[in-house]
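Q: Sharing a sequence plus its predicted fold:
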Amino acid sequence: MNILTLTNTFTPHVGGVARSVEAFTAEYRKRGHRVLVVAPEFPDMLQDEVDVVRISAIQNFNASDFSVALPIHADLGETLDAFQPDIVHSQHPFLLGMTALRIARYRKLPLVFTHHTLYEQYTHYVPGDSPALKRFVIDLATRYANLCDLVFAPSESIQALLHERGVVTPIKVVPTGVHLENFAQGDGRIVREQMGIPKDAFVVGHLGRLAPEKNLEFLAQAVADFVGSHPDAHFLVIGTGSSEETMRAIFAHAGIAARLHIVGILQQQPLADALHAMDVFAFASQSETQGMVLTEAMAAGLPVVALDATGTREMVKDQQNGRLLQSATPAIFSAALHWVAALSPEQLRNVKQAALDTAVAFSMPRSADKALEYYASIKPKPSADTSTDERDWDDVITWIKTEWDILKSVAGAGDAALDIGLFSEKEG
């Protein structure tokens, strides 16, 4: 099968969508399928990539680490003629997601859309953030999903949410799997020595982009409360982002700045080593569709303490492989960390084994099996539907332009780059 994937984020960008696309692409290719990835340019991307088409993009959009792909793709048609895709898979409803829809309709190919993101949780990156803008992006993603042939939801809770929002296109649950072998072995002693963490310390860990939508101010407050009451406790954080300063300030205010260790971005074996330096994994995000980092942590045998939210409740089973907290207060979260720290050796072994069992259930081969099975099951739309789809999409484009003009007028935001990237009709 020749699979065409269009994504607004891809390596070397570090984030859930980029990692998901990379993981599925590698697994499909391992099984003999061809995958062509269309993605924006990013700084420091690899040279001579195989079957990857890079699109010109505006870097570091609105002070984020995202690239905004521009809508002019002059040579893409020739590349697709040579590739001859059998299916188009869109990872986003906007930017290159619009290109994906145009390609699928023009070439009469089935279109799959993975709803990776709760987009309303990310509107602070856009000029003129407001409740109206949040409703707007929800409506946009819903309308886009209903123009596709199949929607992948990363978790059952997101599948239910999409149904509630009015998605009528068939929805299948396909989580991004974890490569268990990448996290099974690690030398945590190396990381502890490098960071000056005592070998007998109790280490709370976290992995991810350090961004406001990840609820890191709450997490830092909760972990600081725990660390402050446990003289042998430390907090090890893997990642970078704008919330780092806030996290450091919270620990400094608590007088425990020396017990916060932020190591930046780690990949491959250094990442596995850092996970094995931890005793428990702490996660407070409520903006996830699937907590990929949770499966990675569990693949390293870590209990998880997390807030109950979409994408988390499918993985964390309270008092089995960690703690799933219904109430979001730092004190309750801190107490849950204490629950893990107080486990007897036998209890801890049982919790760790439950975490490993959960990771196996979310392995990459199992997820790829599901996705390929669903690809093969798509029933092509009757040709009579094509003109209706085109009219529907023209209606969406008109609606987007009108709504965005209103929002820009109200907010006084006129970001030309976003306007060009989001709402051009000449994509694909």
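A: Yes, it's here. Numbering: from 1, shown residues only.
Q: Torsion angles phi and psi at residue 113?
A: For residue 113, the backbone dihedrals (degrees, to the nearest 10) come out as phi -130, psi 120.
Q: how does the protein divide up, domain by domain?
A: 2-177+366-423, 180-362 (automatic domain parsing).
Q: just the helices in the stretch 251-400 of the chain please.
A: Residue ranges of the helices in the stretch 251-400 of the chain, as given by DSSP state H, counting those that start in this stretch, are 268-276, 292-299, 330-341, 345-361, 364-377, 385-411.
Q: could you point out where the chain is predicted with low confidence?
A: For the chain, residues meeting the criterion pLDDT under 70 lie at 13-14, 57-74, 119-130, 132, 380-428.
Q: Could you say which of the domains of the chain is packed most deeply?
A: Of all the domains of the chain, domain 180-362 has the most neighbours on average by mean count of other C-beta atoms under 10 Å, namely a mean of 20. Where you see a C-beta, it was placed from the backbone N, CA and C, and this is true even at glycine.
Q: who touches stretch 160-169?
A: The contact list for stretch 160-169 (C-beta atoms under 8 Å, 6 or more residues apart in numbering) reads 115, 138, 142, 145-151, 153, 171, 310.
Q: Relative to residue 226, which of the residues you listed is nearest.
A: Taking C-beta to C-beta as the measure, residue 226 lies nearest residue 310 of the contacts of stretch 160-169, at 25.2 Å.
Q: And residue 139, how far from residue 166?
A: Going from residue 139 to residue 166 by C-beta to C-beta, to the nearest Å gives 9 Å.
Q: Spatially, what comes nearest to residue 157 if we skip its sequence neighbours?
A: Excluding the flanking residues, the one nearest residue 157 by C-beta to C-beta, 6 or more residues apart in numbering is residue 310, at 4.2 Å.
Q: Correct me if wrong: residue 226 contacts residue 334.
A: Yes: the criterion here is C-beta atoms under 8 Å, and residue 226 meets it with residue 334 at 4.2 Å.
Q: What does the closest residue to residue 254 other than its chain neighbours show for phi and psi?
A: Spatial nearest neighbour of residue 254, chain neighbours left out: residue 224 (4.6 Å); criterion: C-beta to C-beta, 6+ apart. Dihedral pair for residue 224: phi -60, psi -40, per degrees, to the nearest 10.
Q: and what of the one 10 residues further on?
A: The phi and psi values for residue 234, taken as degrees, to the nearest 10, are phi -140, psi 160.
Q: ok, it touching residue 204?
A: Yes: Residue 234 lies in contact with residue 204 (C-beta under 8 Å); the separation is 7.3 Å.
Q: what sits in contact with each of the two?
A: Shared contacts of residue 234 and residue 204, defined by C-beta under 8 Å, 6+ apart, comprise residue 227.
Q: after the helix or strand containing residue 143 comes which helix or strand?
A: If you go by DSSP states H and E, residue 143 is part of helix 131-145. Going down the chain from helix 131-145, the next helix or strand is strand 150-153, by DSSP H and E.
Q: Describe which strands that following strand pairs with in its sheet and in which direction.
A: Strand 150-153 has the following strand partners under DSSP bridges: strand 111-114 (parallel), strand 171-173 (parallel).
Q: Quick check: end-to-end length of stretch 339-347?
A: Terminal residues of stretch 339-347 lie 11 Å apart, using C-alpha to C-alpha, to the nearest Å.
Q: mind checking the SS state of the residue lying closest to residue 176 once chain neighbours are set aside?
A: Spatially, and ignoring its direct neighbours in sequence, residue 176 is nearest to residue 20 (4.1 Å; C-beta to C-beta, 6+ apart). With DSSP: H, G, I helix; E, B strand; the rest coil as the basis, residue 20 sits in helix.
Q: Residue 20 and residue 48: what is the separation?
A: 23 Å.
Q: Please apply the same query to residue 289.
A: As judged by C-beta to C-beta, residue 289 and residue 48 stand 33 Å apart.
Q: What of residue 30?
A: Distance from residue 30 to residue 48, by C-beta to C-beta: 20 Å.
Q: Also residue 216?
A: Using C-beta to C-beta, we find residue 216 at a distance of 37 Å from residue 48.
Q: check contacts around residue 295.
A: Counting by C-beta under 8 Å, 6+ apart, residue 295 touches 175, 177, 178, 315, 358, 359, 362.
Q: mind listing what the fourth one touches?
A: Residues touching residue 315, when contacts are defined by C-beta under 8 Å, 6+ apart, comprise 291, 294, 295, 298, 304, 321, 358, 362.
Q: can we see that at 6 Å?
A: For residue 315, the contacting residues are 294, 358, by C-beta atoms under 6 Å, 6 or more residues apart in numbering.
Q: do you know how far it is from residue 280?
A: Using C-beta to C-beta, residue 315 is found at 15 Å from residue 280.
Q: Check the fifth one too.
A: Using C-beta to C-beta, residue 358 is found at 15 Å from residue 280.
Q: again, but for residue 84
A: 49 Å.
Q: With residue 273 instead?
A: 17 Å.
Q: Then residue 303?
A: When residue 303 is compared with residue 280 (using C-beta to C-beta), they lie 5 Å apart.
Q: got any residues that touch both of those two?
A: By C-beta under 6 Å, 6+ apart, residue 303 and residue 280 have these common neighbours: residue 340.
Q: Assumed residue 241 was part of a strand.
A: No: when classified by three-state DSSP, residue 241 is found to be coil rather than part of a strand.
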